[in-house]
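Undergrad: Following is a predicted model, sequence given first.
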Amino acid sequence: MAIKIHALLCLGLVLSFMSVASAISGTATYNTIYVPSACYGYEDQGVMIAAASDDLWDDGAACGRMYTVTCTGPTNQGVPQPCRGTVTAKIVDRCPSPGCQATLDLSQEAFSAIADPNAGKITIDYD
């Protein structure tokens, strides 16, 4: 019995490291305008949405992808910790270069769910 419990604990530890290792680091900003969107035009996709940077856009294949986004900290030194948690956001638009300032440009609602909007730009992990 003790061996089975030990084996399960070890398996749980390995799996927790695998989920952390699969997250990708980036940055996030927020926007309030996604209509019309590059993916869905004027069709409402809710408020937990985002625009993908060119790195994620994949010639439009990013449309509809869901990303779990976790705030990891501020981008500016001296700014208080803005983080509040994690959110899942759907890609509905493109945030093209050179104007795009982040990996993901979240809706204001999605950004507010994970960070203080006064931060403006945050570091994130996403998968």
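TA: Alright, I've got the coordinates.
Undergrad: and stretch 103-123, how far apart are its ends?
TA: Criterion C-alpha to C-alpha, to the nearest Å; first-to-last residue distance in stretch 103-123 is 9 Å.
Undergrad: Can you show me the helices along this structure?
TA: For the chain, the helices defined by DSSP state H cover 2-21, 54-57, 108-114.
Undergrad: Check what pLDDT residue 35 gets.
TA: pLDDT recorded at residue 35 is 88.
Undergrad: Would you single out the least confident of the helices of the chain?
TA: Among the helices of the chain, helix 2-21 carries the lowest mean pLDDT, at a mean of 44.
Undergrad: tally of neighbours for residue 72?
TA: 19 (other C-beta atoms under 10 Å). Heads up, the C-betas are built off the backbone N, CA and C, glycines and all.
Undergrad: Who are the contact partners of the residue lying closest to it once chain neighbours are set aside?
TA: Spatial nearest neighbour of residue 72, excluding adjacent residues (C-beta to C-beta, 6 or more residues apart in numbering): residue 123 at 4.8 Å. Applying C-beta atoms under 8 Å, 6 or more residues apart in numbering, we find residue 123 in contact with 25-27, 71-75.
Undergrad: make it 10 Å
TA: By C-beta atoms under 10 Å, 6 or more residues apart in numbering, residue 123 lies in contact with 25-28, 70-75, 82-83, 102-103, 115.
Undergrad: do residue 52 as well
TA: 38-39, 58, 60-63, 65, 67, 91-96, 100, 103-105.
Undergrad: same question, residue 106
TA: 28-31, 48-51, 67, 69, 87, 89, 95, 112-115, 122, 124.
Undergrad: Quick one, which of those residues are buried?
TA: Buried members of the contacts of residue 106, counted by 16 or more other C-beta atoms under 10 Å: 28-31, 48-51, 67, 69, 87, 89, 95, 113-115, 122, 124.
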